[in-house]
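Student: Here you go, sequence then predicted model.
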Protein chains: 2
Amino acid sequence: MDATRTAEQGPLAGVRVVDLSTVVVGPACTLALADHGAEVIKVEAPDGDLMRQLGGGARHRGMTGKFMNFNRNKRSVCIDLKTEGGRAVLRRLLEGADVFVTNMRTSALDKLGLDWESLRAVNPRLIHCLVLAFGRKGRYAGRPAYDTVIQSASGVAGAFQASGGEPRFVPFVMTDHITGQIAAQAIGFALYRRTRTGVGESIEVPMFETMAAFVMREHMGNLTFDPPIGPVGDARILNADNRPVPTKDGYIAISPNTDAQAFAFFEAIGRPELKTDPRFCSVAARTANSLDYYALRASALRGRTSAEWLEILERIDVPAMRYNTLESLLDDPHLEDAGFVSRVDHPSEGAIRQIGLPNAFSGGNRPQTRPAPRLGEDTIEVLRECGFGQDEIDAALRDRIVHGVKPEERQ
Amino acid sequence: MDATRTAEQGPLAGVRVVDLSTVVVGPACTLALADHGAEVIKVEAPDGDLMRQLGGGARHRGMTGKFMNFNRNKRSVCIDLKTEGGRAVLRRLLEGADVFVTNMRTSALDKLGLDWESLRAVNPRLIHCLVLAFGRKGRYAGRPAYDTVIQSASGVAGAFQASGGEPRFVPFVMTDHITGQIAAQAIGFALYRRTRTGVGESIEVPMFETMAAFVMREHMGNLTFDPPIGPVGDARILNADNRPVPTKDGYIAISPNTDAQAFAFFEAIGRPELKTDPRFCSVAARTANSLDYYALRASALRGRTSAEWLEILERIDVPAMRYNTLESLLDDPHLEDAGFVSRVDHPSEGAIRQIGLPNAFSGGNRPQTRPAPRLGEDTIEVLRECGFGQDEIDAALRDRIVHGVKPEERQ
């Protein structure tokens, strides 16, 4: 990396975000902001974000790999909001902030004076983003957010039943990830509007409504019409046999869609007679007989290894792709070419793998230099930046209103 | 809706987007922009976006429910880019645009003179957003994008295998949806940067890298450390038994996590002795025996209906939630309270259900008034706005460079 590139900045450089959120949906939102250059101050209670303990092991308590992956490029400030002094510190941080992100329940926010009406009075430029489980206009308002609750209610689990199985959850905290990304999107839009209006605003992003819209756009289909003009769901996507195809030693994905692709595929699997089979001889025929076509594919590739098939299919121009397990993804050759996962030394946690930035901005990307923070690692630095004097900081530490990592623990 | 509200605008009001994209990932991106107030001009070839034919039935050819749900709040301009005149029309639209979104392959873009270097020369404020299947730095660059290919390569399908089953795809075009939302986020960030720099930029959003990061953040866990400190994956999320629980007449989701919740749940299912069972008597015990705990839950609710259980569990403060099928989602009582799905009359397609805007912006939301367009419905209007004279428009229509819907077909 040359000197020019290290001087680059992401598009949100200079945007100051105070992040009072935990676990996944809020941290996923502020990660998107941080990765694009915003200065994110992660405010944590004295026992820290619960995510510090979740998702796998750690070399040191409170620093799981999953926590680090969601919280790099942020700084951690530890404040005890149960104290009046702690609440005053947070309000002072918010006076100079551009954005406040929280997934705290509204009743708790109101009690702490962190609702938008209270905060705009001291900082009219503040963008106040509240991620909710459920929007305020319906009967589930105020109920707690669990990803599984949202997957159950929003039809995500229902899509598995519609594809011929039992309801199940996607093995990702998918509704947190998606809602978090959409909250970051909304914040970007509001920052843009602020450049014209000069004032901030309140944004509410409810997980349930967000995911309901996601599911409906995909699967409402014939029920978009009133009365409906056919059954619910996009049949092509719900087809349970549309899945990675087993080979001799694993799986690959294949998409022989056009006639040229399908016919080349039939040759490759030693079934040239299928080119004139009325079930498979045209796009329309294969669509009408898609169950048969998928069933054919499912048993066609067992004679060779994945690598052999990928080489053959590439040669004959049939779209096909490697299947990655969670492990092999890290060694994917394309990602290795791109240096997408890099080895870096974390100052306290040692050698780690760092996930790259997917998007490229010609106007500059954030250099990925800041490791995920230990709890309270940046308390003193951030308070100083916000105008607290050394006496005030010492008093706040002594009174246990805020907590820092002791200097001798720093590496 | 009163007069004050109809005067509201979304945060992207005044932003002009030229959208040369088809099917899902690009249209999902520009839908997010349109729903937040941008003026999106959907540029379509004479045979239209393929999505006009996909995803279910239609009352009139080219207007499936799925197409309408992804393309409301946009205008359709039909241009034949195979003609030099058509390319000139598109370039003129781009001269006055803020944003250009495309998922065309780079070789085709270059040939049409629609690459960023060519366009910035005529419009230096343009934000040029290219959604790619694979980033340019790795060996898969230039391969076509299919959602299933990306699910296979990125570890989405792999997570199902890691949770104890066969690899499969999520029954959503999930990688298109998510990448599209993230592309819209990136555009918002670039619009914000442009207010400071005065110039546009090029953004590249690759689906594979985007989804690889999504999967790694969730499941890299112990492999974040080098060397790894344990197996890959977040075991809690990969637990195959964490799914909606069968009742007498359906399913519900339950999350009895704390001791108070678990003990109340044991009482409710008539198993009070489990409160002192060493497998289930504490959070730590239930975590250590989560397979048993899930198995217990899976068979505990068959004695009563979903409605009965939801009432009981609400009374005893155990988090629980309705399970919605793809059909019942549309009748969900919370969404009905909020008026989330409204009945509107589409000018050509009749009575339809319209999906609400999930997010609330206190600074104003886009009023949802514009129905999804028929192919070329807005060609003439948009060309006029872009400064084309009536003579030019008549000539372009006559020479079949552009196509409009004939006035007598308008309703």
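Tutor: In hand now; what should we look at? It should be emphasised that the depicted structure is a prediction, and the values quoted were computed from it without experimental measurement. Numbers count the residues shown, from 1 in each chain, chains lettered A, B, ... in the order given.
Student: all helices for the stretch 1-150 of chain A, in order.
Tutor: A:3-6, A:25-35, A:65-71, A:84-95, A:106-111, A:116-122, A:147-154 (DSSP state H, counting those that start in this stretch).
Student: Please produce JSON lines containing the ones you listed, extended by distance to A:I312.
Tutor: (C-beta placed from N, C-alpha, C; glycine too.) Conversion of the helices of the stretch 1-150 of chain A to JSON lines gives the following (distance: least, C-beta to C-beta, whole Å):
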{"stretch": "helix A:3-6", "distance to A:I312": "41"}
{"stretch": "helix A:25-35", "distance to A:I312": "39"}
{"stretch": "helix A:65-71", "distance to A:I312": "37"}
{"stretch": "helix A:84-95", "distance to A:I312": "60"}
{"stretch": "helix A:106-111", "distance to A:I312": "58"}
{"stretch": "helix A:116-122", "distance to A:I312": "60"}
{"stretch": "helix A:147-154", "distance to A:I312": "39"}
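Student: what about these, which gets the closest to B:R366?
Tutor: With C-beta to C-beta as the criterion, B:R366 lies closest to helix A:116-122 of the helices of the stretch 1-150 of chain A, at 20.5 Å.
Student: buried stuff in that closest one?
Tutor: A:116, A:119-120 (16 or more other C-beta atoms under 10 Å in any protein chain shown).
Student: ok, which of those residues also contact chain B?
Tutor: A:W116 (C-beta under 8 Å from any C-beta of the partner chain).
Student: Can you tell me which of the buried residues of helix A:116-122 is nearest B:R105?
Tutor: Nearest to B:R105 among the buried residues of helix A:116-122, with distances taken as C-beta to C-beta, is A:W116, at 44.6 Å.
Student: contacting residues for that closest one?
Tutor: Counting by C-beta atoms under 8 Å, 6 or more residues apart in numbering or on different chains, A:W116 makes contact with A:126, A:128, A:130, A:202, B:362.
Student: give me the beta-bridge partners of the third one?
Tutor: With DSSP bridges applied, the residues forming beta bridges to A:L130 are A:T102, A:E204.
Student: what's around it, how many residues?
Tutor: Burial of A:L130 is recorded as 25 neighbouring residues (other C-beta atoms under 10 Å in any protein chain shown).
Student: Quick check on A:G350: phi, psi?
Tutor: With angles defined as degrees, to the nearest 10, A:G350 shows backbone torsions of phi 80, psi -160.
Student: Oops, could you answer that again for A:F265 instead?
Tutor: Dihedral angles (degrees, to the nearest 10) for A:F265: phi -60, psi -40.
Student: So it sits against A:S255, correct?
Tutor: No - judged on C-beta atoms under 8 Å, A:F265 makes no contact with A:S255 at a distance of 9.7 Å.
Student: Give me the common contacts of these two.
Tutor: Shared contacts of A:F265 and A:S255, counting by C-beta under 8 Å, 6+ apart, come down to A:V318.
Student: Just the ones in strands from the contacts of A:W116, please.
Tutor: Judged by DSSP state E, those include A:128, A:130, A:202 as members of strands.
Student: which one of the residues you listed is nearest A:S290?
Tutor: Ranked by distance to A:S290 (C-beta to C-beta), the ones in strands among the contacts of A:W116 are led by A:L130 at 43.9 Å.
Student: contacting residues for that closest one?
Tutor: A:L130 neighbours (C-beta under 8 Å, 6+ apart): A:102-103, A:106, A:109, A:116, A:202-205.
Student: for A:L119, same thing?
Tutor: By C-beta under 8 Å, 6+ apart, the neighbours of A:L119 are A:91, A:94, A:100, A:113, A:126, A:128.
Student: can the helices of the stretch 1-150 of chain A go into a markdown table with extra columns for mean pLDDT?
Tutor: As requested, those are exported to a markdown table (pLDDT from 0 to 100):
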| stretch | mean pLDDT |
| --- | --- |
| helix A:3-6 | 44 |
| helix A:25-35 | 98 |
| helix A:65-71 | 98 |
| helix A:84-95 | 97 |
| helix A:106-111 | 94 |
| helix A:116-122 | 96 |
| helix A:147-154 | 96 |
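Student: Which of these sits closest to A:P358?
Tutor: helix A:25-35 (9.1 Å).
Student: by how many degrees do the closest one and helix A:147-154 diverge?
Tutor: With axes from the mean of the first three to the mean of the last three C-alpha atoms, to 10 degrees defining the directions, helix A:25-35 sits at 100 degrees from helix A:147-154.
Student: mind saving the C-alpha coords of helix A:25-35 as CSV?
Tutor: Extracted C-alpha coordinates of helix A:25-35, given in CSV (Å, rounded to 0.1, in the frame of the first residue of the first chain):
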residue,chain,number,x,y,z
VAL,A,25,-28.7,-5.5,14.3
GLY,A,26,-27.2,-2.2,15.7
PRO,A,27,-23.6,-3.2,15.4
ALA,A,28,-24.2,-4.5,11.8
CYS,A,29,-25.5,-1.0,11.0
THR,A,30,-22.7,0.9,12.6
LEU,A,31,-20.1,-1.5,11.0
ALA,A,32,-21.4,-0.4,7.6
LEU,A,33,-20.9,3.2,8.6
ALA,A,34,-17.5,2.5,10.1
ASP,A,35,-16.2,0.5,7.2
